[in-house]
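Peer 1: I'll drop the sequence and a predicted model, then ask my questions.
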Amino acid sequence: MHLGTFIQRWGLARVFALSGFISITGISMVSGYIYFSYLQQNLLQREMLISSEFIQSVSLINKPEAYFAGTTSSDDKEAIEKLFYHVVGIPDVFRTTVFDASYKIIWSNDSTLIGKTFRDNEELDLAYQGKGIFNKTTADEHEKLEHDFLPDDVDQFIESYIPVWNENRDQVIGVVELYKSPRALFETLDRGRNLVAWVSLLGGLILYGLLYWIVRIAHLQIESQRNRIEQASSHSVELTEQSLRRISSDLQAGPVRAIESAVNGLDSIIGQEADAQVSAKPDNDALGKIRSTLKDALREIRRISLGLETPELKDLSARDAILQVIAKHEKRTSTRVGKQLDQVPETLNNAIKICIYRLVQEGLRNAFRHGGGIGQYVGVSVKGPQLILTIGETGPGIDIDHQERINDSEFQGLRGMREKIQSLGGDFYVTRNHKSSGISLHAYLPIGE
């Protein structure tokens, strides 16, 4: 279904109410999530930088480069012990591991790890390249074996790999791995997450309400103008039908009667006997040809006038009007027309009834002309505020090239049908039957809620 048809069927306000609510709420929540993620990332990075600067400053004071390099003198051990003391004293730290320049653990809260080497660790590799690494995770995400030591009261924590530089800051001499659980920061982030979510949702709803109010006003104005146009179109249809009836009446009263009089006069001349006072006998062959021509002209004018004339439909229901067209068509063509008219509304305005009458009349005429009267049918259904009229056949139909041209309204008869429907606010489609080469005409006419 085309977007324009969908909007026309459901209404601009309803379509916006659904699509606007989903899109604006979704965009607001996604924007809030992106903003909070950015804020959280920067706060956690700031937390790691503070710890990194603290460790680096303590390292420079105690000068533990020799111990990181593998020296075991008592002075170097004292220096490194002072470094460990200060690192362990960092608030919220519950696990500390110190690596020397060769990936070997030289100190840890867990004495069983001292002396071990860990080289298969991407974060550690990046830290030896001088990059501070941090990851926020939860106790449920046990991606590493060393996470099994987590205390029972720790739900979420930050794992950091902090490079330790030499005095000239041109070489990494070791890496400190910290496990921190800054609960105050995590609680602040949780409150911030909820606040950002509520503010984003509330802001989206306020924006949605404002836009819906604007769209609703515009929709009401459009509907008001549309109703006025439809009323004007309905009046135009009735005026057109009155003009057609007047033309039909004028044809019957003028040319038809004159031709009838001429035909009757010719019949009288041909049938009378020769008068003694007439010097020449009439040319009966010539008069016969004139008589035949006049009769053909008379039949053609009557056919045209009958096609222009629409019966009085005010006292007929739409179903009776359709049945009347079908009966006339079956009598004229000696064919049968299938029908499904159970859903035809009892009451419709006169403009819609006239349009339906003309559509069925023209549609059956096309079905007989192009389909040879095979499988002719007329169906009516109601879906929401629309009446769907279908006229079709299962005969030879029209070739596919013409089918495409029909949808472009290049055929005069069908173009007229489309214009009638669109003037009343409806729509018109031509489709190919799947089980045959015939075609079906589909008219969607507004009948109100």
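Peer 2: Perfect, thanks for sending it. Worth saying up front: this structure is predicted, and the values here are computed from it rather than measured.
Peer 1: for the chain, what helix or strand is lowest in average pLDDT?
Peer 2: Least confident helix or strand, the chain: helix 400-407 with a mean of 50, by mean pLDDT, DSSP states H and E.
Peer 1: Does the strand or helix carrying residue 196 pack against any helices or strands, and if so which?
Peer 2: Using DSSP states H and E, residue 196 falls within helix 183-251. Contact here means 3 or more CB pairs under 8 Å, 6 or more residues apart in numbering; DSSP states H and E; on that basis helix 183-251 packs against helix 12-62, helix 284-308, helix 350-371, helix 412-423. The C-beta positions use only the backbone N, C-alpha and C, and glycine is treated the same way.
Peer 1: Among those, which comes closest to residue 183?
Peer 2: helix 12-62 (12.3 Å; CB to CB).
Peer 1: How far off centre is the closest one?
Peer 2: Offset of helix 12-62 from its chain centre (CA atoms, centre = their mean, to the nearest Å): 31 Å.
Peer 1: so how many other residues sit close to residue 429?
Peer 2: Using other CB atoms under 10 Å, residue 429 is surrounded by 15 other residues.
Peer 1: Excluding sequence neighbours, find me the nearest residue to it.
Peer 2: residue 442 (4.6 Å; CB to CB, 6 or more residues apart in numbering).
Peer 1: Does the one you found fall in a helix, a strand, or a coil region?
Peer 2: Recorded secondary structure, residue 442: strand (DSSP: H, G, I helix; E, B strand; the rest coil).
Peer 1: right, and the secondary structure at the closest residue to residue 447 other than its chain neighbours would be what?
Peer 2: Computed as CB to CB, 6+ apart, the closest residue to residue 447 that is not its neighbour in sequence is residue 387, at 4.8 Å. On the three-state scheme (three-state DSSP), residue 387 is labelled strand.
Peer 1: Switch the helices and strands packed on helix 183-251 over to JSON lines; also include distance to residue 226.
Peer 2: Shown next, in JSON lines, are the helices and strands packed on helix 183-251 (distance: least, CB to CB, whole Å):
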{"stretch": "helix 12-62", "distance to residue 226": "11"}
{"stretch": "helix 284-308", "distance to residue 226": "30"}
{"stretch": "helix 350-371", "distance to residue 226": "15"}
{"stretch": "helix 412-423", "distance to residue 226": "12"}
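Peer 1: Comparing the ones you listed, which yields the minimum mean pLDDT?
Peer 2: Of all the helices and strands packed on helix 183-251, mean pLDDT reaches its minimum on helix 284-308 (a mean of 66).
Peer 1: Can you name the next helix or strand after that one?
Peer 2: Criterion used, DSSP H and E; the element after helix 284-308 is helix 318-333.
Peer 1: And that following helix, what's buried?
Peer 2: If you call a residue buried by 16 or more other CB atoms under 10 Å, then helix 318-333 has these buried ones: 318, 319, 321, 322, 323, 324, 325, 326, 329, 333.
Peer 1: other SSEs contacting that helix?
Peer 2: Using 3+ CB pairs under 8 Å, 6+ apart, helix 318-333 is in contact with strand 337-340, helix 350-371, strand 376-383.
Peer 1: Ok, which of the ones you listed comes nearest residue 50?
Peer 2: Residue 50 sits nearest to strand 376-383 of all these, at 66.3 Å, using CB to CB.
Peer 1: elements contacting that closest one?
Peer 2: With contacts taken as 3+ CB pairs under 8 Å, 6+ apart, strand 376-383 sits against helix 318-333, strand 337-340, helix 350-371, strand 386-392.
Peer 1: Return the list of helices and strands in contact with the last one.
Peer 2: Translated: strand 386-392. helix 350-371, strand 376-383, strand 439-446.
Peer 1: Over it, what's the mean pLDDT, rounded is fine.
Peer 2: For strand 386-392, mean pLDDT is 92.
Peer 1: what sits up against that strand?
Peer 2: For strand 386-392, contacts defined as CB atoms under 8 Å, 6 or more residues apart in numbering pick out 9, 344-345, 348, 352, 356, 359-360, 363-364, 367, 375-382, 426, 433, 438-447.
Peer 1: Got a ChimeraX select line for the buried ones in those residues?
Peer 2: Applying 16+ other CB under 10 Å to the contacts of strand 386-392, the buried members can be selected in ChimeraX as follows:
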select :9,344,348,352,356,359,360,363,364,367,375,376,377,378,379,380,426,433,438,439,440,441,442,443,444,445,446,447
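Peer 1: related to what we said a few turns ago, tell me which of the helices and strands packed on helix 183-251 sits nearest to residue 225.
Peer 2: helix 12-62 (12.5 Å).
Peer 1: And that closest one, what does it pack against?
Peer 2: helix 74-88, strand 133-138, strand 156-165, strand 172-180, helix 183-251.
Peer 1: Quick one: mean pLDDT for the helix or strand just after it?
Peer 2: Using DSSP H and E, the next helix or strand after helix 12-62 towards the C-terminus is helix 65-68. Helix 65-68 comes out with an average pLDDT of 72.
Peer 1: helices or strands up against helix 65-68?
Peer 2: Helix 65-68 packs on helix 74-88, strand 172-180, going by 3+ CB pairs under 8 Å, 6+ apart.
Peer 1: and those, which one is worst for confidence?
Peer 2: Per-stretch mean pLDDT for the helices and strands packed on helix 65-68 is lowest at helix 74-88 (a mean of 72).
Peer 1: now the angle from that helix to helix 12-62?
Peer 2: 150 degrees (axes from the mean of the first three to the mean of the last three CA atoms, to 10 degrees).
Peer 1: Low-confidence stretches in the stretch 51-200 of the chain?
Peer 2: The stretch 51-200 of the chain contains residues with pLDDT under 70 at 62, 64, 67, 70-73, 75-77, 79, 139-152.
Peer 1: Would you format the helices and strands packed on helix 65-68 as JSON lines with mean neighbour count and distance to residue 215 included?
Peer 2: Compiled in JSON lines, the helices and strands packed on helix 65-68 are given as follows (neighbours: other CB atoms under 10 Å; distance: least, CB to CB, whole Å):
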{"stretch": "helix 74-88", "mean neighbour count": "16", "distance to residue 215": "61"}
{"stretch": "strand 172-180", "mean neighbour count": "23", "distance to residue 215": "51"}
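Peer 1: what separates the residue nearest to residue 429 from residue 228, distance-wise?
Peer 2: 27 Å (CB to CB, to the nearest Å).
Peer 1: so residue 443 makes contact with residue 422?
Peer 2: No. Between residue 443 and residue 422 there is no contact under CB atoms under 8 Å: 10.1 Å.
Peer 1: got any residues that touch both of these two?
Peer 2: Listed as contacting both residue 443 and residue 422 by CB under 8 Å, 6+ apart are residue 428.
Peer 1: Domain boundaries for this structure, per the record?
Peer 2: Using automatic domain parsing, the domain ranges for the chain come out as 13-181, 314-446.
Peer 1: which of these sits most buried?
Peer 2: domain 314-446 (a mean of 17; mean count of other CB atoms under 10 Å).
Peer 1: contacting residues for residue 60?
Peer 2: residue 167.
Peer 1: Many thanks, we can stop here.
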